[in-house]
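Participant: Show me how the following folds:
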Amino acid sequence: MPDGMDMPQTAFYGPMVALLIFGIIIVLVVMLVRWLHRIRMARLELNDGPLTRLKEQLVKGEITTREFEKRRRRL
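Facilitator: Predicted coordinates for the structure are as follows:
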């Protein structure tokens, strides 16, 4: 058997391993970005939640402007 016969079989694995590692890195970066985005959105909801709900009640007519101002000052 000539020495060149083993080359095509083993040469295939190098690029495949590189692509696999590259793919894993891309997946991890996407997961990290999505996780950070979820944390940011949760913080925004926590900070703005009560006031937003109060505004929604005012718009729906469930509370008066006077009641809105009174509750907003308490927040």
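
Participant: how about the CA coordinates for the helix or strand where residue 69 lies, as CSV?
Facilitator: Residue 69 belongs to helix 65-74 when assigned by DSSP states H and E. This file holds the C-alpha atoms of helix 65-74, laid out as CSV (Å, rounded to 0.1, in the frame of the first residue of the first chain):
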residue,chain,number,x,y,z
THR,A,65,-56.7,61.3,37.6
ARG,A,66,-56.8,62.3,41.3
GLU,A,67,-56.4,58.6,42.4
PHE,A,68,-53.6,58.1,39.8
GLU,A,69,-51.6,61.1,41.2
LYS,A,70,-52.1,59.9,44.8
ARG,A,71,-50.9,56.4,44.0
ARG,A,72,-48.0,57.6,41.8
ARG,A,73,-46.7,59.8,44.7
ARG,A,74,-46.8,56.7,47.0
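
Participant: any idea how far residue 21 is from residue 29?
Facilitator: For residue 21, the distance to residue 29 (CB to CB, to the nearest Å) stands at 13 Å. Every residue, glycine included, has its C-beta placed from N, CA and C.

Participant: I misspoke; the intended subject was residue 17.
Facilitator: Taken as CB to CB, the span from residue 17 to residue 29 is 19 Å.

Participant: same thing with residue 64?
Facilitator: 50 Å.

Participant: what's the answer for residue 43, then?
Facilitator: Taking CB to CB as the measure, residue 43 falls 22 Å from residue 29.
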